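Q: predicted model, plus sequence, below.
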Amino acid sequence: MAGYETNRTSRSNRSGSRRSSRSAKRKGVGFGYLLIWTTIICLLGFGIHWLLTSPYFEIRQVHIEGNQSLNIEHIATAERVPKHSNIFLFWILDRQKYCGRIQACDPIIESDSVAIDLPHALRLLIVERQPYAVLDVPNSISYMMDDNRVAFKTTALNQANSPFIEIPPTLEKVVEGSALPADIDRHVSAAYNLLGMIAERQIGPLSDIESVSVDQYDNVNLKLHSQLLIKLGQAEGLPQRLTLVETALTADPSLVSKAQYLDFTTPRPAIMEKPAPPATLSTSSASAAAAVPLSADIGQ
């Protein structure tokens, strides 16, 4: 019995020693991990501090790209980067504000972005608005507009290469770089809708557009450089009437040059041909200048 107790005590002592040994090893391993992680954190902290304070990473240059009509000096002087700015701190804290100030310096800037060009330069990418149409308001200034109906630059009508959009006189003011006032935007939206449908359908005879006019009753008229006027009426029926225009011009392409106007605002579309020159005007040609139905051309 005494031997049994002695053996049990011996086994108990050995198991206790093993547990103590394992516990010591775990403590040693845990201390080693703690030491490693502490070292890593300290190194990271030192590295971050060095990146954010080293003169090597001060911003010394700003490279400007993407500008087409804007002068680089105009952009550069509009909002300068403060001297001795750290490139990483600028990216974290000031990048969005800087981009906003650059965009606000001229309405022609649609958007801009900044990238880091290590070790001490920024790369500023400018996206300029592109002319889509010219807003012509009677007794007012003409403006270039982009495809989002934002006016961004004044222009003379004889210098513009984009279609004109003519709207009724208005007391509302256009602010460059901002959304159009509601009443003006209503007319411009109807004109843009027509231009978009012509481009989407790729209607070749209508590609040479001089202007789109929208009157106070929202009637839309299209004028080509050949001086052909196409009356299309209310905006809600444009898709159907545009199909009739395409059919008529496909059946008789000479309408583009010989017609004075095509009227699609009535149930029976009509054509008014251009009168002959005065020297050759005759009774027959004068009668030909009267409005006649277009049913033969559009299959009605």
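A: Everything's here; your move.

Q: all contacts plus neighbour counts: C-alpha atoms, from now on.
A: OK.

Q: at which residues are the helices of the stretch 51-200 of the chain located?
A: For the stretch 51-200 of the chain, the helices defined by DSSP state H, counting those that start in this stretch occupy 72-78, 87-89, 95-104, 182-201.

Q: deepest of those helices, which one?
A: Greatest average neighbour count among these goes to helix 87-89 (a mean of 20), per mean count of other C-alpha atoms under 10 Å.

Q: which helix or strand lies directly C-terminal to the helix or strand of the chain with the lowest mean pLDDT?
A: One helix or strand of the chain scores below all others by mean pLDDT, DSSP states H and E: helix 283-288, with a mean of 44. Helices and strands here follow DSSP states H and E; after helix 283-288, the next one along the chain is strand 292-293.

Q: rewinding a little: closest to Asp147 out of the helices of the stretch 51-200 of the chain?
A: Closest approach to Asp147 among the helices of the stretch 51-200 of the chain is made by helix 182-201 (8.3 Å; C-alpha to C-alpha).

Q: what does the closest one rub up against?
A: The contact list for helix 182-201 (C-alpha atoms under 8 Å, 6 or more residues apart in numbering) reads 149, 165, 167, 170, 172, 206-207, 212-215, 218, 220, 235, 238-239.

Q: name the nearest of the residues you listed relative to Pro275.
A: Nearest to Pro275, judged by C-alpha to C-alpha, of these is Leu206 at 22.0 Å.

Q: you'd agree that closest one is up against Ser226?
A: No. Using C-alpha atoms under 8 Å, Leu206 makes no contact with Ser226, being 10.4 Å away.

Q: comparing those two, which residue is more hemmed in?
A: For Leu206 versus Ser226, neighbours defined as other C-alpha atoms under 10 Å are more numerous around Leu206 (20 against 14).

Q: show me the contacts for the more buried one.
A: 198, 224.

Q: where does it land on pLDDT?
A: Here, the pLDDT recorded for Leu206 equals 90.

Q: which phi and psi does it have?
A: Main-chain torsions, Leu206, degrees, to the nearest 10: phi -100, psi 10.
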